[in-house]
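> Below is the structure, and that's it, no one-letter string:
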């Protein structure tokens, strides 16, 4: 008998069907062991020897694998075709060898798609374990462990309120913080544009001013209203004729099929999916045999897949949409272990798969892969120059016409930020034509700061810098969100106070280890290990030789010295120059003391040097504000427009809040953390104090729907039912239609969150294969769990929520249900409670005999 090991039950079920009799396929449920989270798991003084420990919740699965292995003559390790898959296979082999249950023959097989043809072909071509990949896994795991267990204690002792710091996550966080600094330093510049609405043969078009007083007009040339009015008057006074018409052909080639990175970016742009959600869906599609393996840097497709794509294009369109030669794309990935085939459908004859988000992602993958083999789009770009009679004032109109759509008939790549290019169609114009002027406009603009990173643009930037690898992007972003280092508002990352302070600490004391070049260089060294070009222990030794003394040096510093250094490092942010001049560190309360950074039990804050006489404090994330004005009393924001009462901004035990009225009649509202300090004023205070907000009556029940903020965040309420909202802004911006939908979705999800708000599922997995009940993945107080409405099962720590499959969830619920006492027996002990109490004296004697 041949024992085949894969990661998931869904994969096991499909593969066992393909292999037939003589094979037993079992799932490991992901990794079976890891470095225990305690000191000494990696020993740098002993060649970086590692102590591995099996996950406690994998004991049942390991026993099943061990029992089957004892009676098998061949072990076939068929885990995923990447570094993590190789590592899981290695762990399984090592554990079985220690248990003396390793079969005589051990084979490693990999396949890029879970189809009968791919699996059968892989089984016919087994290989040995790739020890270069395994060494790369061990090096990466040891690095992450050493950084975490060496640096985190330094943070806890020297930076109050700080959490742990990950090796790559810290660098990704620095990207977000650096962008925020750029935005803060940005100073908007005023400029004006002058445009003319024109018409030729009944067809309207737009022309913009490009020449004024004989000089070229660039974007920032016209900088004030006076110059704009002068330029507008010149256009209004002129009679414009066409001076030249230039037409240029333009060819656009299709983008290559998806890699892991480009899939995450495009799914974020077009579908609004997070990187984690995208990978969860892709994992499921892969295990269902719908797409090829989804963790890859490769952009090439298999020859048979290219042929199938070309045939599908010809069937769907015509021969003109099929290029003369198949398109070949080359990957830029240096690391061979990541350079698998691109992400594509396993069958180009299936243009639809699954439903919901799975179907939407599959549609994106299908269209991108098919478009990659289609003909180029042919366009024509036209530029028309118009001059007045003097030649001193000139206008320009641009337009674009698609002559042949090619791949654009099926797919067009999304953009992170809209382009300014005017691609509208122009009327037919010839030299000497004098189109009519309809309207002249002068419009004021201001230059904009660089945009905050979205998930798509951050992944793209990390890939450009060489930070992280395809299999790590989703988890890196998730960790930053889970640790509250960043918030995601309107799909853009903003650093939180803790994230900003952590980045400052690392830049000040560990600058080398959060530099982009160093991190990218280390990633390349790890790639060299996986490619057999470097020895893993030598890479670790070179890192540890400098890192360990640096952490010891920082640990020797007093917390006050660290705070003082951070105060100086962060001075431009914490104490920006005042517009009216003066010392930015002057205490706004006592006018005598100087403001400085201080560390407290709950994190960093700004305080006056004249303490305790002056108790002025300010939150870390409120640079330049007047803070909480501790000893001088609360700040009056203004009067409520309806009651006329003063509204005060105060600071209390649980943070800043607003108050209107006095004593028992006072009305208070906490100031939510997601309202930027610079935005908060009287308008926000009135809104918060007026909560709950009534949206209107529900169209079905006639009962009111309200929006408010509770202990667990913003929510909607209607007739005793609740639905969670994502942000404070949603409380005031959500309309009736959206509220009805959210309440309906929350009701369909079943159950309520703590505090009354309906808990929305993280993911709907589908119907239980044995009971038919709908299984949902939920977020609970102690972590993620699955439920079928009657049974709840907590996810083991070794199972990532984003990788959980339907079969795994069903098995967890079955195991939990089997352990639970029968419902009919639960009440029995209660009836016997009274007699047992009478026998209590006799029971006390029993322990004494031992």
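All right, it came through fine. What you see is a predicted model, and the numbers here were worked out from it, not measured in a lab.
> mean confidence score for the longest helix that the chain contains?
Ranked by number of residues, the top helix in the chain under DSSP state H is helix 131-158. Mean pLDDT, taken over the full extent of helix 131-158, equals 90.
> ok, now stretch 39-50?
Mean pLDDT, computed over stretch 39-50, is 93.
> from the middle of its chain, how far away would that stretch be?
Taking CA atoms, centre = their mean, to the nearest Å, one finds stretch 39-50 lying 33 Å from the centre of the chain it belongs to.
> Would you mind pulling the contact partners of that stretch?
35, 51, 138, 141-142, 145-146, 149, 537, 540-541, 544, 548 (CB atoms under 8 Å, 6 or more residues apart in numbering). Using the backbone N, CA and C atoms, a C-beta is placed for each residue, glycine as well.
> I'd like to know which of the residues you listed are buried.
If you count burial by 16 or more other CB atoms under 10 Å, the buried members of the contacts of stretch 39-50 come out as 35, 138, 141-142, 145-146, 149, 537, 540, 544.
> Closest one of the residues you listed to residue 84?
residue 141 (10.2 Å; CB to CB).
> how about the closest one, what does it touch?
With contacts defined as CB under 8 Å, 6+ apart, residue 141 is in contact with 34-35, 50.
> For residue 33, see how far away it is.
In this structure, residue 141 lies at 11 Å from residue 33, with CB to CB, to the nearest Å as the measure.
> what do you get for residue 818?
Taken as CB to CB, the spacing of residue 818 relative to residue 33 amounts to 25 Å.
> In terms of packing, which of those two has more residues around it?
Here residue 818 and residue 33 are set side by side on neighbour count (other CB atoms under 10 Å), and the busier one is residue 33, at 17 against 8.
> I figured the more buried one hits residue 51, correct?
No: no contact is recorded between residue 33 and residue 51 when judged using CB atoms under 8 Å, the distance being 10.2 Å.
> Report how many residues lie close to residue 304.
The number of residues packed around residue 304, counting by other CB under 10 Å, is 9.
> any residues touching the one helix or strand it maps to, and which ones?
Remark: residue 304 resides in helix 303-316, with elements defined by DSSP states H and E. Taking contacts as CB under 8 Å, 6+ apart, the residues outside helix 303-316 that touch it are 301, 321-322, 326-327, 341, 344, 347-349, 369-370, 372-374.
> Inside helices: which ones of these?
Secondary structure assignment by DSSP H places 369-370 of these in helices.
> Identify the farthest-apart pair in the contacts of helix 303-316.
Maximum pairwise distance in these, criterion CB to CB, is 23.3 Å, between 321 and 341.
> how about the strands of the stretch 551-700 of the chain, start to end?
Under the criterion DSSP state E, counting those that start in this stretch, strands of the stretch 551-700 of the chain are mapped to 595-600, 603-608, 617-619, 635-639, 646-652, 655-660, 667-670, 693-697.
> Determine the set of other helices and strands touching the first one.
Applying 3 or more CB pairs under 8 Å, 6 or more residues apart in numbering; DSSP states H and E, we find strand 595-600 packed against helix 559-569, strand 603-608.
> In that strand, which residues are buried?
595-599.
> Repeat that for the second one.
Judged by neighbour count (16+ other CB under 10 Å), strand 603-608 contains these buried residues: 604-608.
> next one: the fourth one
The neighbour-count check on strand 635-639 (16+ other CB under 10 Å) flags 635, 637 as buried.
> What pairs with that strand, parallel or antiparallel?
In the sheet, strand 635-639 lines up against strand 646-652 (antiparallel) (DSSP bridges).
> Now do the partner strand against strand 655-660, angle only.
With axes from the mean of the first three to the mean of the last three CA atoms, to 10 degrees as the basis, strand 646-652 and strand 655-660 are set at 160 degrees to each other.
> What mean pLDDT does strand 646-652 get?
Model confidence over strand 646-652 averages 80 on the pLDDT scale.
> List the contacts of that strand.
Identification of contacts with strand 646-652 by CB under 8 Å, 6+ apart yields 617, 628, 630, 634-640, 656-660, 671, 680, 682, 685-686, 689.
> Figure out how far that strand is from the centre of its chain.
When distances are taken as CA atoms, centre = their mean, strand 646-652 is centred 36 Å away from the chain's centroid.
> now swap in stretch 144-155 and tell me
Centroid displacement of stretch 144-155 relative to its chain, using CA atoms, centre = their mean, is 24 Å.
> got the buried residues for it?
Applying a neighbour-count criterion of 16+ other CB under 10 Å, the buried positions in stretch 144-155 are 144-151, 154-155.
> quick check, nearest of the residues you listed to residue 809?
Lowest distance from residue 809 to the buried residues of stretch 144-155 (CB to CB) belongs to residue 144, with 27.9 Å.
> Identify the residues contacting that closest one.
Under the contact definition (CB under 8 Å, 6+ apart), the residues listed for residue 144 are 166-167.
> again with the one 10 residues further on
When the contact criterion is CB under 8 Å, 6+ apart, the partners of residue 154 are 551, 554-555.
> same thing but at 10 Å, please
162, 165, 505, 509-510, 550-555, 557, 562 (CB atoms under 10 Å, 6 or more residues apart in numbering).
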